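Visitor: Sharing a model that was predicted from the sequence below.
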2 protein chains.
Amino acid sequence: MLREAAALLTRRATASMDEIAKAAGISRATLHRHFPGRDALVRALGELGIRRMNEAMDAARLEEGDAVRALRRLVDAAMPEAGFLAFLYSENQLYDDAELKAGWDASDERVAALFRRGQEQGVFRIDLPAVWLTEAYTALIAGCGWAVEDGRIARRDSAHLVTETLLGGALRRQS
Amino acid sequence: MLREAAALLTRRATASMDEIAKAAGISRATLHRHFPGRDALVRALGELGIRRMNEAMDAARLEEGDAVRALRRLVDAAMPEAGFLAFLYSENQLYDDAELKAGWDASDERVAALFRRGQEQGVFRIDLPAVWLTEAYTALIAGCGWAVEDGRIARRDSAHLVTETLLGGALRRQS
DNA sequence: CGCATGTGAGACATCACTGTCTCATCAGAT
DNA sequence: ATCTGATGAGACAGTGATGTCTCACATGCG
């Protein structure tokens, strides 16, 4: 239910509670029984999104082994939740909520720690700060999520495209 | 004036006309004198954003010379307008407007043409489709714009970070 | 079958926001 | 000093959305 709500709000942040309820397949009264207002709904979506991101990171076992492989696992695990990430990324008014912001920052820090680990291992370049690489990771995941929603990118290609772009960039490597 | 309005709407898509007017430094009555309604305002912002993107591409002279250098010029020219791009990117309800969508698609196509040219020149990898690279370009510009707004990235570093990430990715190149 | 729980639909009062209007004020030009 | 055009402030009517409530219905369980 919440996934449909997040999908609609990502596309149209001004959607009414009635429209959200319809997108979620329930009535407005029922939506209101579950969430006492728009703010409560948005917060619940934010919390779910953060939880999903953390689950994806848990599944990717970020602390284990080669940082490159860990990043690949992370993108694979995160891509199915790209819709939520896109929502979290665009719904910046979430940042008014200190608790959600803390959760978001904690998730960001886990990704940043992976990039730093890779830099220490000598596999990631050090001229790009981990803070920025984390930002780029999020932007590409969310952007890819949008592109899949719009049909410009095939869902099955998405993780590969994100990973390859994030790791290797657009430049063709000389042999 | 429109820049402040776009900045607020990027952060908080549900902002009221009164809040938008205050952010723009004018009264609600004056805002209404200039734009007969929220839809008219959003459309005007969209048109301005598309115009700015096209001006950035004109300035970057995308068709000239080496595609890598052209991309660098493009990012340099587009970064100052990252706020508008972020707005265009997140305000997906713009896509309900066929005219704006056509303008947006045309802008996208210019960037995609650059990536294709680079692929034909043999400087960009061909396993990543130009459609995706265009998406990645937009996502990184908008994401960097957000990060600058939030103070996580220094404005002066932004173009460099975007360009280096888009071209070379996070992997450290072996000597 | 009866009961408990949850839901959908719709009515209705309330509220936030919008659109319009008027009037006073201000800035710039003459 | 006067005029013109633009603006800000606030009042007010209208509108869409929200929050609450009631009732009928559906589902699952014992």
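Guide: Sure, I can see it.
Visitor: Show the contacting residues for the residue in chain A positioned nearest to DNA strand C.
Guide: Closest to DNA strand C within chain A is A:Thr30: 2.8 Å, counting by C-beta to the nearest atom of the strand. Every C-beta, even on glycine, is put in place using the N, C-alpha and C of the backbone. A:Thr30 sits next to A:Ala21 when contact means C-beta atoms under 8 Å, 6 or more residues apart in numbering or on different chains.
Visitor: Flag every buried residue along the helix or strand where it lies.
Guide: Assigned by DSSP states H and E, A:Thr30 falls within helix A:28-34. Buried residues in helix A:28-34, defined by neighbour count with 16 or more other C-beta atoms under 10 Å in any protein chain shown: A:31-32.
Visitor: Could you do stretch A:106-114 as well?
Guide: Buried, per 16+ other C-beta under 10 Å, within stretch A:106-114: A:107-108, A:110-112, A:114.
Visitor: and A:Arg43, how many neighbours does it have?
Guide: Using other C-beta atoms under 10 Å in any protein chain shown, A:Arg43 has 17 neighbouring residues.
Visitor: do the same with the one 5 residues further on
Guide: The burial count assigned to A:Leu48 is 18, neighbours taken as other C-beta under 10 Å.
Visitor: per-residue pLDDT, it?
Guide: pLDDT, A:Leu48: 88.
Visitor: Repeat that for A:Tyr95.
Guide: Predicted confidence (pLDDT) at A:Tyr95: the value is 68.
Visitor: the helices in chain A, which residues?
Guide: A:2-11, A:17-24, A:28-34, A:38-60, A:67-78, A:82-90, A:98-121, A:130-149, A:155-168 (DSSP state H).
Visitor: possible to save the ones you listed as TSV with distance to DNA strand D?
Guide: Formatted as TSV, these follow (distance: least, C-beta to the nearest atom of the strand, whole Å):
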stretch	distance to DNA strand D
helix A:2-11	11
helix A:17-24	3
helix A:28-34	4
helix A:38-60	5
helix A:67-78	30
helix A:82-90	17
helix A:98-121	19
helix A:130-149	23
helix A:155-168	31
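Visitor: To B:Glu4, which of these lies closest?
Guide: Ranking the helices of chain A by proximity to B:Glu4 (C-beta to C-beta) places helix A:82-90 first, at 19.2 Å.
Visitor: for the closest one, packing partners?
Guide: Contacts defined by 3 or more C-beta pairs under 8 Å, 6 or more residues apart in numbering or on different chains; DSSP states H and E place helix A:82-90 against helix A:2-11, helix A:38-60, helix A:130-149.
Visitor: if we can go back for a sec, so how far is the helix holding A:Thr30 from its chain's centroid?
Guide: Mean C-alpha position of helix A:28-34 versus that of the full chain (C-alpha atoms, centre = their mean, to the nearest Å) differs by 27 Å.
Visitor: and the spatially most central residue of chain A, what pLDDT?
Guide: In chain A, the C-alpha nearest the mean C-alpha coordinate belongs to A:Leu85, at 2.6 Å (C-alpha atoms, centre = their mean). For A:Leu85, the pLDDT comes out at 85.
Visitor: contacting residues around it?
Guide: A:Leu85 neighbours (C-beta under 8 Å, 6+ apart): A:49, A:53, A:78, A:138, A:141-142, A:145.
Visitor: Distance to DNA strand C and neighbour count added to those residues, as a markdown table?
Guide: Below are those laid out as a markdown table (distance: C-beta to the nearest atom of the strand, whole Å; neighbours: other C-beta atoms under 10 Å in any protein chain shown):
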| residue | distance to DNA strand C | neighbour count |
| --- | --- | --- |
| A:Gly49 | 21 | 27 |
| A:Met53 | 26 | 26 |
| A:Ala78 | 29 | 27 |
| A:Thr138 | 29 | 24 |
| A:Ile141 | 31 | 27 |
| A:Ala142 | 27 | 26 |
| A:Gly145 | 27 | 28 |
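Visitor: Quick check: which of these are also close to chain B?
Guide: A:138, A:142 (C-beta under 8 Å from any C-beta of the partner chain).
Visitor: ok, the contacts of A:Leu85 vs B:His160, which is closest?
Guide: A:Thr138 (19.0 Å).
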